[in-house]
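Asks: Give the three-dimensional model of this entry:
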Amino acid sequence: MGADAVMIQPTVLLVPFPAQGHVTPMLHLARDLAAHGVAATVAVPDFIHRRIAGLADAGGCGVALASIPSGITEDAGAGDDTPGFGAIAHAMEHHMPAHLERMLTRGRPIACVVVDVLASWAVPVAARCGVPAAGFWPAMLASYRVVAAIPELIEKGLISESGTPISSNQYDMEDQMIRGLQILPAQVELRTKELPWLVGDNATQKSRFAFWLQTLHRSRSFRWVLVNSFPGEAGCAAAADEDVQRPARQGPQILPVGPALLPGISSAEFTKQQQPCSKNPSMWRADSTCIGWLDAQRAGSVVYVSFGSWVGPIGPDKIRELALGLEATGRPFLWALKRDPSWRAGLPNGFAERAAATGRGKVVDWAPQEDVLRHGAVGCYLTHCGWNSTVEAIQHGVRLLCYPVSGDQFINCAYITGLWKIGLKLGSMRRDDVKGCIGKIMEGDEGRRLQEKVTALRGKVVTAEARRSADRNVRSFVDEIKRDHPLLMQIYSVL
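Replies: Numbering: from 1, shown residues only. Coordinates of the predicted model:
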């Protein structure tokens, strides 16, 4: 008898933060890792698993989906509702760790855990199990730089120890800009009141900031952070266009991988017989009649409106003004608006029915966004500036009308309007402003300039070279996993 060495794939477990904008890019990353010879499993809380189980690998891309008990009741994650941040944070810190630990210590050995930076609860679990952890940042590199600069923001006196803005003049508080820290290029104007953790009332802001401090502390153990960004995205002078970057204060190795995560075939070497991966499953039921309605519209004529699935409603007064502003443009519009009283409060009586009857507009609970943005009838996208939405719009060459609401959306908006110049910021939701801004972006010299800019940026993001650059970073990450854990790469079968 003898022994033959049989090569097997290293296993990587990926842990996203439980929100659509985090699960989607994590699934894309898992598929790209699988294309590089890694056995990838994405572990999601049970309330998400119930929605997408059986769909995540419909295209045969080698990605498994696992469920982690969360302790969140059925009602909290049922239908189109999502558990609140407080419930999710409690589940991540107090209920899910023990279950993840069992996943890491039983069955096939795990070579690495890839942890969404916002799901840092998994980092100490991996450490206890002796499994190396890498970070994944599903947003743009610039927002990672801002969060990583929290110690410097405190040191420079721009924010307090509890994360709130500080100003020597109370009248300047609203307009105080973040300058001179080398974390953002000069063209990007970000106010201290727009920092990602400043969400809700004072108590909520302090709680969010404490969450970020804990996240930063845990993230120090990362050797790598894979970032969902594209070449030159950050626009910073220091290492902005290099494939591999490190933050100024000797942090983990930063690997931009964004172009490799774009929908479609991975940049890794698939054989011609392999089929493209299917679209990622949505946590929301999309209204497929959108596409038929778009087919009946003129090319470039439709205003698409969506504020994502995670941020809260913008309020009844703004909803009313936005509806009347859309109506006043006389242009066709497609509006994805949750069928929920808190989201639709303020919608004028009969608005949706009136729009449908005239054929001028369509209001749906949720739209198949990738299909909508690639449709030739769409002329601009009124968006909250979530990063996934921003990247999808760039990928399909759609101009943006920006109305950021919270979190990293203000940073994304600052890049869209200040550095890339592919969109306009909507200053208010007053109907006249809505009508005027849509007119500017859809026609005339300004509209043409914006379209030229977004077309040029699209050319940088979706090129073969951009994908090759991202692919090199993914391959480098996989190679290091294999090199650091050689025993996981072979088993011996006695013949």
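Asks: gap between Ala43 and Leu213?
Replies: Per C-beta to C-beta, to the nearest Å, Ala43 is found 25 Å from Leu213. All C-beta spots, glycine's among them, are computed from the backbone N, C-alpha and C.
Asks: Show me which of the two is the more surrounded one.
Replies: Ala43 (23 against 16; other C-beta atoms under 10 Å).
Asks: what about the more buried one, which helix or strand?
Replies: strand 39-45 (DSSP states H and E).
Asks: Now do that strand: distance to the chain's middle.
Replies: The chain centroid and the centroid of strand 39-45 are separated by 18 Å under C-alpha atoms, centre = their mean, to the nearest Å.
Asks: which other helices and strands contact it?
Replies: Using 3 or more C-beta pairs under 8 Å, 6 or more residues apart in numbering; DSSP states H and E, the elements in contact with strand 39-45 are strand 11-15, helix 20-35, strand 63-68, helix 96-105.
Asks: what sits up against the helix or strand that the third one is followed by?
Replies: This means strand 63-68. Later in the chain than strand 63-68, the nearest helix or strand by DSSP H and E is helix 85-94. Residues outside helix 85-94 that contact it (C-beta atoms under 8 Å, 6 or more residues apart in numbering): 18, 45, 70-72, 76, 83, 119, 121, 208, 211.
Asks: And for stretch 151-170?
Replies: Applying C-beta under 8 Å, 6+ apart, the contact partners of stretch 151-170 are 150, 173, 176, 178, 181, 183, 192-193, 195, 197-198, 202, 205-206, 208-209, 212, 249.
Asks: quick one: buried residues of it?
Replies: Neighbour counts over stretch 151-170 (16 or more other C-beta atoms under 10 Å) mark 153, 158-159, 163-165 as buried.
Asks: same thing with stretch 44-54?
Replies: 44-49, 51-52.
Asks: Kindly report the same for stretch 456-472.
Replies: For stretch 456-472, the neighbour count (16+ other C-beta under 10 Å) marks 457-458, 460-462, 466-467, 469-472 as buried.
Asks: Ends of that stretch, what's the gap?
Replies: End-to-end distance for stretch 456-472, by C-alpha to C-alpha, to the nearest Å: 24 Å.
Asks: pLDDT averaged over it, what's the number?
Replies: In this model, stretch 456-472 has an average pLDDT of 88.
Asks: Paired strands for the strand holding Ala43, with orientation please.
Replies: Looking at strand 39-45 with DSSP bridges, its partner strands are strand 11-15 (parallel), strand 63-68 (parallel).
Asks: quick one, it and helix 85-94 angle?
Replies: Per axes from the mean of the first three to the mean of the last three C-alpha atoms, to 10 degrees, the angle that strand 39-45 makes with helix 85-94 is 120 degrees.
Asks: which is the next helix or strand following strand 39-45?
Replies: Helices and strands here follow DSSP H and E; after strand 39-45, the next one along the chain is helix 46-52.
Asks: next one: that next one to chain centre, how far?
Replies: Its chain's C-alpha centre and that of helix 46-52 lie 19 Å apart, by C-alpha atoms, centre = their mean.
Asks: How about stretch 201-219?
Replies: 19 Å.
Asks: How about stretch 334-353?
Replies: Stretch 334-353 has its average C-alpha position 25 Å from the chain's average C-alpha position, going by C-alpha atoms, centre = their mean.
Asks: Please work out which residues outside stretch 417-434 touch it.
Replies: Contact with stretch 417-434 is made by 185, 187-189, 235, 314, 317-318, 321-322, 324-326, 328-329, 382, 394, 399-403, 413, 416, 437, 440-441, 446, 449-450, 453-454, 457, as judged by C-beta under 8 Å, 6+ apart.
Asks: tell me the mean pLDDT over that stretch?
Replies: Taken as a whole, stretch 417-434 has a mean pLDDT of 95.
Asks: buried ones in that stretch?
Replies: Of the residues in stretch 417-434, 417-426, 429-431, 434 count as buried by neighbour count, 16+ other C-beta under 10 Å.
Asks: Now do the end-to-end distance for it.
Replies: End-to-end for stretch 417-434, by C-alpha to C-alpha: 17 Å.
Asks: Flag the shaky bits of the protein, pLDDT-wise.
Replies: Low-confidence segments of the chain, defined by pLDDT under 70: 1-7, 54-61, 74-81, 168-175, 179-181, 234-250, 263-284, 309-312, 485-495.
Asks: Which elements pack onto the biggest helix by length in it?
Replies: For the chain, the helix reaching the highest residue count under DSSP state H is reported as helix 464-484. Judged by 3+ C-beta pairs under 8 Å, 6+ apart, helix 464-484 is in contact with helix 20-35, strand 224-227, strand 253-256.
Asks: quick check: angle from the strand holding Ala43 to helix 96-105?
Replies: Angle of strand 39-45 versus helix 96-105, following the same axes, to 10 degrees, is 160 degrees.
Asks: Thr455 - that's part of a helix, no?
Replies: Yes: under DSSP: H, G, I helix; E, B strand; the rest coil, Thr455 falls within a helix.
Asks: Can you pull the phi and psi angles for Phe307?
Replies: Main-chain dihedrals, Phe307, degrees, to the nearest 10: phi -110, psi 30.
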